[in-house]
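Colleague: For reference, the sequence and a predicted model appear below.
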Amino acid sequence: MSSEALQNFARAMRAVPTDAEAALWFHLRANRFSGFKFKRQQPIGNYIVDFVCLNARLVVEVDGGQHNESASDETRDTWLKSQGFSVLRFWNNEVSQNLDGVLTRILEALSPSPQPLPRRGGGALNSARPISQKLSPPNPERDDSNRLASLPPSRGRERGRGGTPLSKITGLILAGGRGSRMGSVDKGLQVFRGKPMVAHVLERFVPQVDEILINANRSLDEYAAFGHRVVPDAIDGFAGPLAGLHIGMTHATHPLIVTSPCDSPFLPLDLVSRLRTAMEKENADLAVAKTFDQPHPVFCLTKASLAPHLQAFLESGQRKIDKWYASLKVVEVPFDDEEAAFSNINTIEELKSFEQSN
């Protein structure tokens, strides 16, 4: 990945932190952690690290279940150590359930023989106070503490050993296109039968999954108003559904991810269950919906752990979704009995026609 692409990817990741990353960053940001300066989602070499104190050469990573015993993480850590960095890794649930313990370990790594930290008025800190209060007192002039308190509780990315079951699924709504055939408008926000098309998709998609992400490259605030995380492409230029799937994989908190476009307001209510059943039965990498002879590649279920594989494909300049599928073990799942459910609305004329139909 080029330096510019890496920077763009890091910028996109900063915009949508996980709950655990946001909680930890609240204490590390703005030199408030005992005076140490940290950066987040920082490119180092060919990698992007979650947090780094460059002066102390300390990298802190916050991982989900998909990192469990990951060979790529070992390679990454070995390279970072060869560059003089120490690496600390924590699971998401360690941050959410034992934040003080996490902060204590970070402080110990920064200061191998830490002295009692002085209060502003002098003297040592009261050891009865949690370290999260000692090092990061709320500042009433900033709204960070209020923003952190308003974050929803973490729903996933827990430790993989006996933790997150494969049945948990992230739903990704693809709304990052140009909408060229509809006059370059944001299709998901076009009103259909009294509400935006994406609202129809959400109504049918939400009950089938454990969390929702919306991939969008404009109108971010409007999409965020639906109450779900919005993740823009890490690749500039409206790079297509694979770019959306890639960023979705990156931010998914569950091992499986299923996609639906924002312009398909009739999607099947049993889409996910049928895709999952076929995927597990065939031990496939990806399950894709099909009606008669027509596959529907933007209705697919796959593994979030394939993110590095997809990233390499995109870095090679490839963008065609069917070509990427050809590199995987794919099972096509027939939905001949629900052909109409895969109707999508691409033009103003189609929008009007479906509006008038029953």
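Modeller: Great, that's in hand.
Colleague: List the residues that contact Met13.
Modeller: Neighbouring residues of Met13 by CB atoms under 8 Å, 6 or more residues apart in numbering: 41, 48, 234, 250-251. In short, each C-beta sits where N, CA and C put it, glycine included.
Colleague: Sorry, slip of the keys, the one I care about is Gly101.
Modeller: Glu94.
Colleague: gap between it and Val87?
Modeller: 18 Å (CB to CB, to the nearest Å).
Colleague: Kindly report the same for Ala22.
Modeller: 21 Å.
Colleague: Mind listing what's buried along stretch 216-230?
Modeller: 216-217, 219, 223, 226, 228-230 (16 or more other CB atoms under 10 Å).
Colleague: Can you lay out those residues as CSV showing secondary structure?
Modeller: Formatted as CSV, those follow (DSSP: H, G, I helix; E, B strand; the rest coil):
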residue, secondary structure
Ala216, strand
Asn217, coil
Ser219, coil
Tyr223, helix
Phe226, coil
His228, coil
Arg229, strand
Val230, strand
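Colleague: Can you tell me which of those residues is nearest Thr347?
Modeller: Ser219 (19.3 Å; CB to CB).
Colleague: Just give the nearest non-adjacent residue to that closest one, would you?
Modeller: Nearest non-adjacent residue to Ser219, counting by CB to CB, 6 or more residues apart in numbering: Asp186, 4.9 Å away.
Colleague: Is it correct that the one you found is in contact with Asp221?
Modeller: No. In this structure Asp186 lies outside contact range of Asp221 using CB atoms under 8 Å: 11.8 Å.
Colleague: sorry, back to before: OK, contacts around the residue nearest to Ser219?
Modeller: Contacts of Asp186 (CB under 8 Å, 6+ apart): 175, 179, 216, 218-219, 222.
Colleague: Do you have the strands of the stretch 251-358 of the chain handy? List them.
Modeller: Using DSSP state E, counting those that start in this stretch, the strands of the stretch 251-358 of the chain run over 256-261, 286-291, 294-303, 330-334.
Colleague: Buried deepest among those strands, which one?
Modeller: strand 256-261 (a mean of 26; mean count of other CB atoms under 10 Å).
Colleague: Just the buried positions in stretch 82-98, please.
Modeller: Result for stretch 82-98 [16+ other CB under 10 Å]: buried residues 85, 87-88, 90-96.
Colleague: which residues of this protein fall in helices?
Modeller: Taking DSSP state H as the criterion, the chain carries its helices at 3-15, 19-28, 71-82, 92-97, 99-110, 131-135, 144-149, 197-205, 220-224, 241-251, 271-282, 307-315, 321-325, 348-356.
Colleague: Between those helices, which has the poorest mean confidence score?
Modeller: Across the helices of the chain, helix 144-149 has the smallest mean pLDDT, namely a mean of 34.
Colleague: And Ser2, what's its pLDDT?
Modeller: So, for Ser2, pLDDT stands at 66.
Colleague: follow-up on the earlier one: which members of the contacts of Met13 are classed as buried?
Modeller: Buried among those by 16+ other CB under 10 Å: 41, 48, 234, 250-251.
Colleague: Reformat those as JSON lines; add distance to Val59.
Modeller: Below are the buried ones among the contacts of Met13 laid out as JSON lines (distance: CB to CB, whole Å):
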{"residue": "Gln41", "distance to Val59": "12"}
{"residue": "Ile48", "distance to Val59": "11"}
{"residue": "Ala234", "distance to Val59": "21"}
{"residue": "Thr250", "distance to Val59": "18"}
{"residue": "His251", "distance to Val59": "20"}
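Colleague: Identify the bridge partners of Asp295.
Modeller: Small correction: residue 295 is Pro, not Asp. For Pro295, the beta-bridge partners are Lys290 (DSSP bridges).
Colleague: Could you check the pLDDT of it?
Modeller: 93.
Colleague: In this structure it contacts Glu332, no?
Modeller: Yes. Pro295 is within contact range of Glu332, at 6.0 Å (criterion: CB under 8 Å).
Colleague: Name the residues contacting each of these two.
Modeller: Common neighbours of Pro295 and Glu332 (CB under 8 Å, 6+ apart) are 288-289.
Colleague: Now render the strands of the stretch 251-358 of the chain as JSON lines, adding distance to Ser111.
Modeller: Below are those laid out as JSON lines (distance: least, CB to CB, whole Å):
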{"stretch": "strand 256-261", "distance to Ser111": "40"}
{"stretch": "strand 286-291", "distance to Ser111": "47"}
{"stretch": "strand 294-303", "distance to Ser111": "40"}
{"stretch": "strand 330-334", "distance to Ser111": "52"}
